[in-house]
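1. the amino acid sequence is not available; the structure is as follows:
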C-alpha cells in the first residue's frame, strides 16, 4: 500500500476545530463532508465541549473519541496546532491535514514552529499534509476535506483527471474551470507549505491510482529533484500523461550569471528540460492544461503517431490548422493516390489533398460527411484525423445519424483517432465523447491539445534514466585558469590543443616557434573569465615579432581594464583551422543536479540563445537528441554548401562532459567550453572555464 493511501482514502476522520456555524472555516469543512455524503466515520472535535456539532456527536479532544481514527484534519488557530498534532499522534492517526496558515510562509519563527510539527510527525511515522493547505478531495469516495468556497456553487463530477498543486488558489481555480467544462475529476490535493508531503510524492501516488488516467500538477518550487523525476517517469511508465504547470520564472542568481552557461541555464529552462525528458508536458495556462487533459481522457491514449489528416468544409480553417501543425512539429503527408481517387469519386469538386476540402457539395451527398472522413481514415498512415464540421453539432436531432456513423468509424479504425472541430450542443458533444471522439469549438485549441499529446508520445521514446551510484573520484584541485581547466577536461577525454603559459615575451616567442605558426595569444588570469571583453585574445600571430608584441599588448590591456586581476602571463596555443563554433556547458542546478548545455557558441551566445539543456548523465541517443534540438546544428550539416562537420565528435564530447559532471557533481558548479570548434574531422576545446562550488 502506498504511504499516501491514508491521505487520499481514510475510513474515519476527526475534524479538530469543527464549528456549528457552517460558514466558518471549521464548520464549512464539516458541512462539505456531510453534504458530499462521505461514507466514512466523522468525529467533530471542539475544545468548547459542546455535545453536538452539525447533528453529529462532538468531543472536546481527539483523545476522547472512543473509536480509532485514520486522519485528523486540523483547522484550529495557529497557537493550538502543535497541541492538536501531538494529541492526534497520541490517538494513533495515520495522517494529519493541517489547514491552518501562519507557519513558514511568515518567516523564521513560523518556520521553526513548522519544523517542530514535521519532527513530531516523522518520529511517529505519521504523514502530514500542509500546513497552510487548502485540503483535498477524493471524488470517488466523496471525501471532501477542504474549506474552499468553490464547493458552494460547484459539485465535482466523477472522472479520471487528478490534480496535485502546491497552491490552494490554483487548485480551486482549476477545479472550478474543469467542473464548468464538465470534466470528470478523481482526486484533488493542495500541498501548501509541503513540510512533509509534496507534489512529487502525490504524482507518485496518482501514477499507481487506478482511478486516475491523467495527472495535472502545479509547482511553485521543488525541494527534491530526484523524487520529482522518479514520479514523472513512473507516471510515464504507467501510460499516464502528466501536465505540469510551473509558476515563477526565476534565474539562478548573479553568481550563476557570471558564466555563459549559468546565464543561459536559468531555473525555468531547467524545469522545462526535466519535464520534457521525463515524459511530462508544461502547459502555459490552466485552459491549455484542461484542453490537453480533456483530449487525453476522451481518446483514452496519446496519439498513435505524428501524422495528421485534416478534413474541412472551409479552406481558411484548414490552412489555419495546417499552420499550427507545422509549428507543433506534426506531419501532414499527402493523401495517397487511392485516397485521392476515392475522394473524387465521392465528391467530384472536392480539393482531394491534405487538408481535404469537402466544399459545400458534401451536403448533397447521402452520408457525405462520414464517408469523406472514412476516405482519410482508410487511406494513409494518419494517426489522427481532424474534421471541421462548422456548426453541425448545434442541431442534435439532425446530427444524430452522423454521430452514429462516426461512432461506427471509430470502432472500424480503432488504431486511429478522430477529432471534431465544430460548435456543438451538449447533447451532441456528450454522445461523441462517449464514443471516444473529442469535440472542440476552437480549431487552434484543438490543434494545440493534440500537439501537446503527440509531443508526450514522442518523449516516451527517449525517457531519462535515473543515474546509478558512481564510484568516488579524487578532488579536482586548482582549476582557476584556462590552462588548468583544459588539463582537467583533457584528462576526462575532451579534445584540447597544446598550449603553454608564458611569463615573458621571450618565452612566448619560443613557445610559438615550437608549436608552429600561426598561433593565438590570450591573457592568462584566474580573475578574467571573458577575455574577449577586454581585448584579451589576439589571433593569427604569424612570427616571433608578432608574438612578442602581442605579449606586451595583452599585459597592458589586462592592467588597464582589470587592475585588480591576478596575472599569470600569456597563454600561447596553435591557431586552429576553420570550423563551427559551439558551446558545451555544465550547470549544477540546486534542485536537479548537473545539467548539460549545448548550442551555438562564440561571443554572442547570450544574444542568440540558440541552446538546449539536458540532465546528466547523457547516453549517446540523448546527446544526439540534444544536438538535434539546436537550430544552428544545421551549420554542422553542410549549410548552403559549407563543409560537413564532425557531428559525432560533438556527441562524443557531450557524453564525456556529462560523465565528468556526474563524477564531480559534489565539487563542480559550472563548466563553460566556449567555443568547442567543430571541424570536418574532430573537434577541439578552444577555451574553458570551470567554477567550483563555494
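-> Thanks, I have the structure now. Since the model is a prediction, treat every value here as computed from it, not as a measurement.
2. worst-scoring helix or strand of the chain, pLDDT-wise?
-> Sorted by mean pLDDT, DSSP states H and E, the helices and strands of the chain end with helix 260-264, the least confident at a mean of 55.
3. in what helix or strand does residue 559 lie?
-> Using DSSP states H and E, the element containing residue 559 is helix 544-561.
4. name the residues of that helix that come out as buried.
-> Going by neighbour count (16 or more other CB atoms under 10 Å), the buried part of helix 544-561 is 544, 546, 547, 548, 550, 551, 553, 554, 555, 557, 558. Placement of C-beta: from N, CA and C, glycine included.
5. stretch 159-175 now?
-> 159-168, 170-172, 174-175.
6. now, these that are in helices?
-> Judged by DSSP state H, those include 168, 170, 171, 172, 174, 175 as members of helices.
7. skip the chain neighbours and tell me the closest residue to the fifth one.
-> The shortest distance from residue 174 to any residue other than its chain neighbours is 5.2 Å, reached at residue 286 (CB to CB, 6 or more residues apart in numbering).
8. show me the contacts for the one you found.
-> Shown in contact with residue 286 (CB atoms under 8 Å, 6 or more residues apart in numbering): 170, 173, 174, 177, 245.
9. what's the spacing between it and residue 513?
-> 68 Å (CB to CB, to the nearest Å).
10. so, low pLDDT: which residues of this structure?
-> Across the chain, the ranges flagged by pLDDT under 70 are 249-266.
11. domain-wise, how is it divided?
-> The record's domain split for the chain, according to automatic domain parsing, is 5-248, 302-450, 498-574, 580-692.
12. columns distance to residue 296 on top of the ones you listed, output as TSV?
-> Formatted as TSV, the domains of the chain follow (distance: least, CB to CB, whole Å):
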stretch	distance to residue 296
domain 5-248	5
domain 302-450	7
domain 498-574	46
domain 580-692	24
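13. my guess is residue 451 contacts residue 323. True?
-> No: Residue 451 is not in contact with residue 323 according to CB atoms under 8 Å; the separation is 11.8 Å.
14. who has more neighbours, these two?
-> When neighbours are counted by other CB atoms under 10 Å, residue 451 and residue 323 differ, and residue 451 comes out ahead with 22 against 12.
15. end-to-end on stretch 587-600?
-> 17 Å (CA to CA, to the nearest Å).
16. ok, which stretches of the stretch 501-650 of the chain are helices?
-> Taking DSSP state H, counting those that start in this stretch as the criterion, the stretch 501-650 of the chain carries its helices at 505-515, 544-561, 605-608, 620-628, 647-663.
17. for the third one, name the packing helices and strands.
-> Read that as helix 605-608. helix 260-264 (3 or more CB pairs under 8 Å, 6 or more residues apart in numbering; DSSP states H and E).
18. could you give the angle of the helix or strand just after the helix it packs on to helix 620-628?
-> Going down the chain from helix 260-264, the next helix or strand is helix 267-277, by DSSP H and E. Here helix 267-277 points in a direction 130 degrees away from that of helix 620-628 (axes from the mean of the first three to the mean of the last three CA atoms, to 10 degrees).
19. which other residues reach helix 267-277?
-> Residues outside helix 267-277 that contact it (CB under 8 Å, 6+ apart) are 219, 222, 225, 228-229, 232, 244, 246, 248-252, 281-282, 459, 462-464, 587, 589, 591-592, 595, 612-615, 622.
20. in PyMOL, select just the buried ones from those residues.
-> Buried residues within the contacts of helix 267-277, by 16+ other CB under 10 Å, are selected in PyMOL with:
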select buried, resi 219+222+225+228+229+232+244+246+252+281+282+459+464+587+589+592+595+612+613+614+615+622
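21. so which of the contacts of helix 267-277 sit within strands?
-> Within these, residues falling in strands by DSSP state E are 219, 244, 246, 587, 589, 595, 612, 613, 614, 615.
22. and the closest residue to the first one other than its chain neighbours, how far from residue 272?
-> Across the structure, with CB to CB, 6+ apart as the measure, the residue nearest residue 219 apart from its sequence neighbours is residue 246 (4.9 Å). Shown here: residue 246 relative to residue 272, a distance of 8 Å by CB to CB.
23. what touches both of the two?
-> Residues touching both residue 246 and residue 272 by CB under 8 Å, 6+ apart: residue 282.
24. for the residue nearest to residue 174, grab phi and psi.
-> The phi/psi pair for residue 286 (degrees, to the nearest 10) reads phi -60, psi -40.
25. helix/strand/coil for residue 116?
-> Following DSSP: H, G, I helix; E, B strand; the rest coil, residue 116 is assigned to helix.
26. you'd agree it is up against residue 82?
-> Yes: contact status for residue 116 versus residue 82: in contact at 6.5 Å, counting by CB under 8 Å.
27. show residues contacting stretch 160-169.
-> Identification of contacts with stretch 160-169 by CB under 8 Å, 6+ apart yields 133-135, 148, 171, 174-175, 178, 183-192, 194, 198-199, 202-203, 206, 209, 211-221, 247, 293, 297.
28. let's see 7 Å
-> The contact list for stretch 160-169 (CB atoms under 7 Å, 6 or more residues apart in numbering) reads 133-134, 148, 171, 174-175, 178, 183-192, 194, 199, 202-203, 206, 209, 211-220, 293, 297.
29. list only those of those flagged as buried.
-> Neighbour counting with 16+ other CB under 10 Å marks 133-134, 148, 171, 174-175, 178, 183-192, 194, 199, 202-203, 206, 209, 211-219, 293, 297 as buried within the contacts of stretch 160-169.
30. so which of those belong to strands?
-> 184-190, 214-219.
31. out of those, flag the one nearest to residue 662.
-> Ranked by distance to residue 662 (CB to CB), those are led by residue 219 at 24.9 Å.
32. how far away is the residue nearest to residue 280 when sequence neighbours are not counted from residue 591?
-> Take residue 280 and drop its neighbours on the chain: the residue closest to it by CB to CB, 6+ apart is residue 242, 4.1 Å away. Per CB to CB, residue 242 is found 17 Å from residue 591.
33. same thing with residue 203?
-> As for residue 203, its distance to residue 591 is 15 Å (criterion: CB to CB).
34. and if you look at residue 514?
-> 47 Å.
35. do residue 463 as well
-> Distance, residue 463 to residue 591, using CB to CB: 19 Å.
36. where does the nearest residue to residue 688 once chain neighbours are set aside land in three-state SS?
-> Once flanking residues are discounted, residue 688 sits nearest to residue 485: 4.2 Å by CB to CB, 6+ apart. Following three-state DSSP, the label given to residue 485 is helix.
37. residues contacting residue 485?
-> Residue 485 makes contact with 479, 688, 689, 690 under the criterion CB under 7 Å, 6+ apart.
38. the same query, at a cut-off of 8 Å, please.
-> When the contact criterion is CB under 8 Å, 6+ apart, the partners of residue 485 are 479, 671, 688, 689, 690.
39. compute the first-to-last residue distance for stretch 575-585.
-> Terminal residues of stretch 575-585 are spaced 23 Å apart (CA to CA).
40. cool, stretch 304-313 as well?
-> Termini of stretch 304-313 sit 25 Å apart (CA to CA).
41. name the surrounding residues that touch it.
-> Contacts with stretch 304-313, where a contact means CB under 8 Å, 6+ apart, come from 318, 321-322, 325, 329-333, 335, 354-360, 362, 372-373, 376-377, 380-390, 415-417, 450, 454, 457-458.
42. in this structure, which residue is most central in space?
-> residue 275 (2.6 Å; CA atoms, centre = their mean).
43. out of the ones in strands among the buried ones among the contacts of stretch 160-169, who's nearest residue 635?
-> Closest approach to residue 635 among those (CB to CB): residue 219, at 36.1 Å.
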